[in-house]
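Peer 1: Starting from these lines, generate the structure:
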Amino acid sequence: MDISTTPKLELIQVADVVARDKGIDREEVLIAMEQATQKAGRSKYGPDHDIRATIDRRTGDITLKRCTTVVDGGVEDESAEITLDQAKKIDPELKIGSVIEEQLPPIDFGRIAAQTAKQVIVQKVREFERKRQFQEYNSKAGEIINGVVKRVEYGNVTVEIPRAEAVVRRDRLLPRENFRQGDRIRAYIENVREEQRGPQIFLSRTHPEFMRKLFRQEVPEVYDGIIEIKAVARDPGSRAKIAVQSYDTSIDPVGACVGMRGSRVQAVVGELHGEKIDIIPFSEDPATFVVNALAPAEVSKVVLDEDQGRIEVVVPNEQLSLAIGRRGQNVRLAFMLTGWDIDILTDQEESDRRREEFRQRSEAFVSALDVDEVIAGLLVTEGFTSVEEIAFTEVKNLAEIEGFEADIARELHTRASNFIEAERRRYDERRRELGVTDQLVELNAFTPTMLVVLGENGIKTLDDVGDLASDELREILPDAEFDENTANQIIMSARAHWFYEEK
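Peer 2: Residues are numbered from 1 along each chain as shown. Predicted coordinates:
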């Protein structure tokens with residue numbers, strides 16, 4: 001494009017055509033033309049001059065000016081600056097910061113200058129186009145898009161989408177999925193990055209949200225918000241689970257997602273090349289939700305440990321393999337869906353474990369309290385798990401146990417208290433032998449047993465505890481079952497004296 005020989009109105013028409021074809025604002029194209037004209041003007045009059053070009057938006061007239069700025073003091077660039085004294089000779093009204101504009105005559109830019117101008121316009125148009133592409137697709141991140149396969153290189157698929165190209169990396173394709181040039185493809189816009197070579201648009205067919213969006217397209221109730229997909233877990237290309245909840249009591253969320261004769265779910269399955277989908281009802285109750293998530297396996301009993309975020313599930317012996325799934329797939333997807341760590345036991349395993357726990361606790365009570373197995377068994381049956389619990393229970397509560405009289409209850413309470421005191425003295429002596437300081441005791445964060453364990457691991461002072469990381473403290477004291485927050489609080493308490501000493 002030779003701007004010097006382009007008719008004035010045709011210049012405006014060129015801007016209109018470029019703007020329309022590239023999807024760029026007309027004003028941005030004209031700004032690019034002005035910058036190209038300025039660059040060509042500097043090539044003509046010298047690169048040090050402040051040359052400014054203006055294109056009339058109506059007529060296409062090009063105005064070229066050389067600008068000189070009035071400065072205070074010394075002039076650093078004589079071609080673009082002038083002192084205030086010199087400026088006053090030209091116009092007494094000028095002041096510091098004023099710009100003197102000198103209109104330049106029309107010039108023939110020449111072949112090289114025109115080529116330079118063309119390169120600037122092309123570069124600016126490309127920059128505007130890249131910027132528009134990034135803004136357009138960055139706003140579409142998280143949506144599904146259709147495209148046509150342009151090429152396949154090393155398993156990565158380049159997709160032609162409206163006014164841009166995108167990439168589906170090999171690890172974002174379903175297993176055993178092959179595309180060829182010209183194939184149509186539907187994928188999820190996972191990420192859009194602005195890079196030097198232009199916006200990079202990354203698509204995915206394995207992302208859990210891809211399945212959520214597919215159901216949104218196939219199920220009107222999901223699109224309208226009557227049914228919400230609460231969670232999605234996928235083993236891409238093999239199996240998936242989605243949890244659904246209806247906000248209209250008259251609508252069954254599972255049935256609505258399955259559709260008449262399975263038409264809706266089959267449309268999604270077809271898009272995902274046969275990936276099996278379990279649709280389960282969501283529940284606010286964690287135990288119920290986990291039981292639903294383990295379907296089609298049947299569950300006999302559930303034991304919830306909210307502090308540890310774990311749930312123990314007991315299933316009939318014949319249901320174990322179904323609950324775990326092939327290569328652990330079913331229980332893994334249930335964990336991904338619910339967020340709960342799931343331990344699966346059979347009825348037999350749970351019975352054996354409880355029997356062993358009963359035996360161990362009974363033996364511990366027999367040894368610590370010097371009682372027979374009958375009394376020890378009664379204590380375990382009543383739910384006591386340690387001597388400490390007996391010592392801290394009121395005598396009247398012990399006397400309420402069937403078969404226990406008041407005298408027996410008092411004696412048990414006394415023996416338990418004496419045992420706890422003897423253990424405390426024994427651990428305290430051992431703690432002192434190990435050199436664990438009294439400051440750690442005064443921290444009130446550790447039991448006598450924990451203090452001994454710390455001493456055996458070389459942790460003897462507040463500074464030793466303060467130097468630990470939370471995961472190190474939890475590793476040394478696994479039986480304490482500290483969560484990360486509690487461990488950090490203990491460590492910060494141990495460090496408190498550091499700040500006092502600094503002050």
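
Peer 1: List the buried residues in stretch 389-400.
Peer 2: I390, A391, T393, L398, A399 (16 or more other Cβ atoms under 10 Å). (Glycine included, C-beta is placed from N, CA and C.)

Peer 1: next one: stretch 476-496
Peer 2: Along stretch 476-496, these residues count as buried under the neighbour rule (16+ other Cβ under 10 Å): I476, L477, A480, F482, A487, I490, I491, A494.

Peer 1: now swap in stretch 232-246 and tell me
Peer 2: Neighbour-count burial for stretch 232-246, counted by 16+ other Cβ under 10 Å, picks out 232-244, 246.

Peer 1: so where do the helices sit in the stretch 351-500 of the chain?
Peer 2: Counting by DSSP state H, counting those that start in this stretch, the segments of the stretch 351-500 of the chain that form helices are 373-381, 387-391, 395-399, 406-434, 438-442, 448-456, 462-466, 470-476, 484-502.

Peer 1: ok so, going back, the buried residues of stretch 232-246 in strands, which ones?
Peer 2: Helix and strand membership here follows DSSP state E; of the buried residues of stretch 232-246, those in strands are V232, A233, R234, D235, R239, A240, K241, I242, A243, V244, S246.

Peer 1: so who does the first one touch?
Peer 2: By that I understand V232. P208, E209, M211, R212, A240, K241, I242, A243, L337 (Cβ atoms under 8 Å, 6 or more residues apart in numbering).

Peer 1: Return the member of the buried residues of stretch 389-400 nearest to F282.
Peer 2: Of all these, the one with the least separation from F282 (Cβ to Cβ) is T393, at 40.7 Å.

Peer 1: Just want to check the distance between L378 and R361.
Peer 2: Computed as Cβ to Cβ, to the nearest Å, the L378 to R361 distance reads 12 Å.

Peer 1: no wait, R57
Peer 2: Between R57 and R361 the computed distance is 90 Å (Cβ to Cβ).

Peer 1: Of these two, give the one with the bigger neighbour count.
Peer 2: Set side by side, R57 and R361 show unequal neighbour counts under other Cβ atoms under 10 Å, the larger going to R361 at 18 against 12.

Peer 1: how far away is that one from Q308?
Peer 2: As defined by Cβ to Cβ, R361 lies at a distance of 21 Å from Q308.

Peer 1: Same question for M33.
Peer 2: Distance check for M33 against Q308: by Cβ to Cβ, it reads 67 Å.

Peer 1: Which one's more surrounded, the two?
Peer 2: Neighbours per residue (other Cβ under 10 Å) separate M33 from Q308, with M33 holding more: 27 against 11.

Peer 1: Could you give me the buried positions within the helix or strand that contains that one?
Peer 2: Here M33 is covered by helix 26-45, with elements defined by DSSP states H and E. Residues 28-30, 32-43 are the ones in helix 26-45 that count as buried (16+ other Cβ under 10 Å).

Peer 1: coming back round to it: dump the buried residues of stretch 389-400 to TSV, plus pLDDT and distance to V70.
Peer 2: What follows is the buried residues of stretch 389-400, written out as TSV (pLDDT from 0 to 100; distance: Cβ to Cβ, whole Å):
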residue	pLDDT	distance to V70
I390	82	95
A391	83	93
T393	83	93
L398	81	99
A399	80	103
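
Peer 1: farthest-separated two in these?
Peer 2: Distance extremes for these: the farthest pair is A391 and A399 at 15.3 Å, using Cβ to Cβ.

Peer 1: tell me the SS of the residue of the chain most remote from its centre?
Peer 2: Here the centre of the chain is the reference, and by Cα atoms, centre = their mean the most remote residue is K89, at 66.5 Å. Classification of K89 into helix, strand or coil gives helix, according to DSSP: H, G, I helix; E, B strand; the rest coil.

Peer 1: so how far is S321 from it?
Peer 2: With Cβ to Cβ as the criterion, K89 and S321 are 99 Å apart.

Peer 1: secondary structure class for E284?
Peer 2: When the structure is reduced to helix, strand and coil (three-state DSSP), E284 reads as coil.

Peer 1: Next one: it, what pLDDT does it get?
Peer 2: Reading off the per-residue confidence, E284 sits at a pLDDT of 92.

Peer 1: And for E502?
Peer 2: Here, the pLDDT recorded for E502 equals 55.

Peer 1: hang on, V291 packs against V299?
Peer 2: Yes - in terms of Cβ atoms under 8 Å, V291 counts as a neighbour of V299; the distance is 4.7 Å.

Peer 1: Who has more neighbours out of these two?
Peer 2: Each of V291 and V299 had its neighbours counted (other Cβ under 10 Å), and the higher figure belongs to V291 (21 against 18).

Peer 1: Contact partners for the more buried one?
Peer 2: Going by Cβ under 8 Å, 6+ apart, V291 touches V299, V302, V313.

Peer 1: Over to Y188?
Peer 2: G142, E143, I144, I145, L203, S204, R205, H207, E209, F210, K213.

Peer 1: now the third one: how far from G259?
Peer 2: If you measure I144 against G259 using Cβ to Cβ, the figure is 19 Å.

Peer 1: Of those two, which one has the most company?
Peer 2: Just comparing I144 and G259: by other Cβ under 10 Å the higher neighbour count belongs to I144, 18 against 15.

Peer 1: Bridge partners for the more buried one, pull those for me.
Peer 2: Beta bridges link I144 to Y188 when assigned by DSSP bridges.

Peer 1: What pLDDT is listed against it?
Peer 2: 90.

Peer 1: For Q123, see how far away it is.
Peer 2: Computed as Cβ to Cβ, the I144 to Q123 distance reads 34 Å.

Peer 1: again, but for V157
Peer 2: V157 is 30 Å from Q123, where distance means Cβ to Cβ.

Peer 1: between these two, who's got more neighbours?
Peer 2: Between V157 and Q123, counted using other Cβ under 10 Å, V157 has the larger neighbour count: 27 against 13.

Peer 1: Grab the nearest non-local neighbour of that one.
Peer 2: With Cβ to Cβ, 6 or more residues apart in numbering as the criterion, V157 has its nearest non-adjacent residue at 4.3 Å, and that residue is V168.

Peer 1: quick one: the one you found and I189 touch, right?
Peer 2: No - the pair V168 / I189 is not scored as a contact, 10.7 Å apart, by Cβ under 8 Å.

Peer 1: Now the common contact residues for those two.
Peer 2: Common contacts of V168 and I189 (Cβ under 8 Å, 6+ apart): F202, L203.

Peer 1: which of these two has more neighbours?
Peer 2: Per other Cβ under 10 Å, whichever of V168 and I189 has more neighbours is V168, with 27 against 24.

Peer 1: for that one, what are its contacts?
Peer 2: Taking Cβ under 8 Å, 6+ apart as the criterion, V168 is in contact with N156, V157, V159, I185, A187, F202, L203, S204, R205.

Peer 1: Which of those fall within helices?
Peer 2: Secondary structure from DSSP state H places none of these in helices.

Peer 1: could I get these as TSV with distance to A53 and pLDDT?
Peer 2: TSV is the format used below for the contacts of V168 (distance: Cβ to Cβ, whole Å; pLDDT from 0 to 100):
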residue	distance to A53	pLDDT
N156	44	90
V157	45	91
V159	40	91
I185	46	92
A187	45	92
F202	40	92
L203	42	92
S204	46	93
R205	49	92
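
Peer 1: No more questions from me, cheers.
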